[in-house]
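Novice: Sequence and predicted model, in that order:
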Amino acid sequence: MTKRLLIVNSGGDCPGMNAVIRAIVKRAHQENNWEVIGSINGFDGILSEPLDIEILTDKRVSGIHFLGGTILQTNNKRNPFSYPVLQKNGKTENQDLSDKLILNLKILGVTSIIHIGGNESHKISFELQKKGIDIVGIPKTINNDLSITDYAFGFQTAAQIATYAVDKLVTTASSHNRVIIMEVMGRDAGWIALHAAIAGGADVCLIPEIPFSIEKVIRKLRSRYKNEKGFANIVVAEGACPIGENCSVLEGTLALKISKELKRHGLEADIRETILGHLQRGGVPIAFDRIIATELGVHAFELVLENKFGVMVAHQQQRVIPVPFVEVIDKYHDVDLNGNLVKTARGVGISFGD
Ligand code: F6P
């Protein structure tokens, strides 16, 4: 009897998502009794009327490993346990549609799910598992904020894109004796900023884990100038926050805020701001992420074959192992303030403004 596997990807898109989908489908089709279908736009596909699903053939996934985005589309706003439903009065109300989801899985003859996602997605997987769904998770993140796994796919590409951007901004800052502030993603974890600052040779790196003082930032910036000649590059994560302030993240606003503060505190240098935004999430995944994505995809399907559900595939010490969702959720991978990378950054003179 043919078995049906459903792939759902949810959360923000991430370089490597297509490589995972391809890996799952290719591995599944090595068994002769598996069909793989994909839910379009996260859980929308399996909850919409009519259902919006796609049969994933080898032909459909052929050659997609280097494509950015996801052929299945995704979103970060649709939790089946709190799903926005349009009411008669024109307003939307969040409702628990998990029973409807389970019914639709039955109607489709789906026997198991592989769910690709970040922190929030694994919480959903855990809840679905509790309701009896056979589900395996695959970690993805551009922010590197998932604990338990040494690697998820997506982050290395984002850090590479951010580094290329710092490289370009260093040359223009130096040509004009300017300070350039580049804002990158990272609401709660400053990994992209930290990697790009070290790899790109920035002078200041501001991350959510280390509250900063604008005076200390200015001190560092001034040290980079002599007789008005000099330049400096700042990499700031969107979730960074000055000491003593209670910040809320408004994407794309922090670089401008810091720029204004530097001017208000009398910094003499000419200042410019760059917000990298979704450039970090789009486009071709680097080889590292394609490999991790492929590895996790193949292993996730093999767990399905072994009937090992309720787990996320994790990369630990060069091995790929299943970890129960209960051990995955509610754990966050912050930048370790006493860790090697922060020490390394300080060792080459990068200021965290602390
Ligand atoms: O979680 C990934 C992430 O890229 C964050 O770093 C960022 O703050 C957020 O998603 C942006 O979300 P959206 O694509 O909805 O603007």
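Specialist: Good, I have the coordinates.
Novice: Count the residues that sit near the closest residue to the ligand within the stretch 151-300 of the chain.
Specialist: Proximity of the stretch 151-300 of the chain to the ligand (CB to the nearest ligand atom) peaks at residue 185, 3.3 Å away. (C-beta placed from N, C-alpha, C; glycine too.) Residues lying near residue 185 (other CB atoms under 10 Å) number 26.
Novice: now the helices for the protein?
Specialist: For the chain, the helices defined by DSSP state H occupy 17-28, 44-47, 58-61, 98-108, 119-130, 155-176, 191-200, 214-223, 254-264, 287-305, 325-328, 340-347.
Novice: Just want the angle from the first one to helix 287-305.
Specialist: For helix 17-28 against helix 287-305, the angle between stretch directions is 40 degrees (axes from the mean of the first three to the mean of the last three CA atoms, to 10 degrees).
Novice: and helix 17-28, anywhere near the ligand?
Specialist: No: judged by CB under 6 Å from any ligand atom, helix 17-28 stays clear of the ligand, getting no closer than 12.6 Å.
Novice: Which strands or helices does that helix pack on?
Specialist: Using 3 or more CB pairs under 8 Å, 6 or more residues apart in numbering; DSSP states H and E, the elements in contact with helix 17-28 are strand 3-9, strand 34-39, helix 58-61, strand 110-117, strand 135-141, strand 153-154, helix 287-305.
Novice: How far away from the center of its chain is it?
Specialist: Chain-centre distance of helix 17-28: 19 Å, with CA atoms, centre = their mean, to the nearest Å.
Novice: CA atoms of that helix as PDB?
Specialist: Extracted in PDB, the C-alpha atoms of helix 17-28 (Å, rounded to 0.1, in the frame of the first residue of the first chain):
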ATOM      1  CA  MET A  17      14.700  25.100   2.100                       C
ATOM      2  CA  ASN A  18      14.500  23.800  -1.500                       C
ATOM      3  CA  ALA A  19      17.500  21.600  -1.000                       C
ATOM      4  CA  VAL A  20      15.700  20.000   2.000                       C
ATOM      5  CA  ILE A  21      12.500  19.400   0.000                       C
ATOM      6  CA  ARG A  22      14.500  17.900  -2.800                       C
ATOM      7  CA  ALA A  23      16.500  15.600  -0.400                       C
ATOM      8  CA  ILE A  24      13.300  14.300   1.300                       C
ATOM      9  CA  VAL A  25      11.600  13.600  -2.100                       C
ATOM     10  CA  LYS A  26      14.600  11.900  -3.600                       C
ATOM     11  CA  ARG A  27      15.200   9.700  -0.600                       C
ATOM     12  CA  ALA A  28      11.500   8.800  -0.300                       C
END
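Novice: quick one: the residue of the stretch 151-300 of the chain closest to the ligand and residue 282 touch, right?
Specialist: No: Residue 185 is beyond contact range of residue 282, at 11.9 Å (criterion: CB atoms under 8 Å).
Novice: and the end-to-end length of stretch 178-189?
Specialist: End-to-end distance of stretch 178-189 (CA to CA, to the nearest Å): 27 Å.
Novice: I should have written stretch 55-73 there, sorry.
Specialist: End-to-end distance for stretch 55-73: 14 Å, by CA to CA.
Novice: average pLDDT for that stretch?
Specialist: The average pLDDT for stretch 55-73 rounds to 98.
Novice: Equivalent analysis for stretch 25-34, please.
Specialist: Averaging pLDDT along stretch 25-34 yields 97.
Novice: Does residue 139 touch residue 314 like I think?
Specialist: Yes: assessed by CB under 8 Å, residue 139 is found in contact with residue 314 at 6.9 Å.
Novice: Could you give the separation of stretch 344-354 from the chain centroid?
Specialist: 25 Å.
Novice: contact partners of that stretch?
Specialist: 194, 197-198, 201-207, 210-214, 216-217, 219-220, 243, 342 (CB atoms under 8 Å, 6 or more residues apart in numbering).
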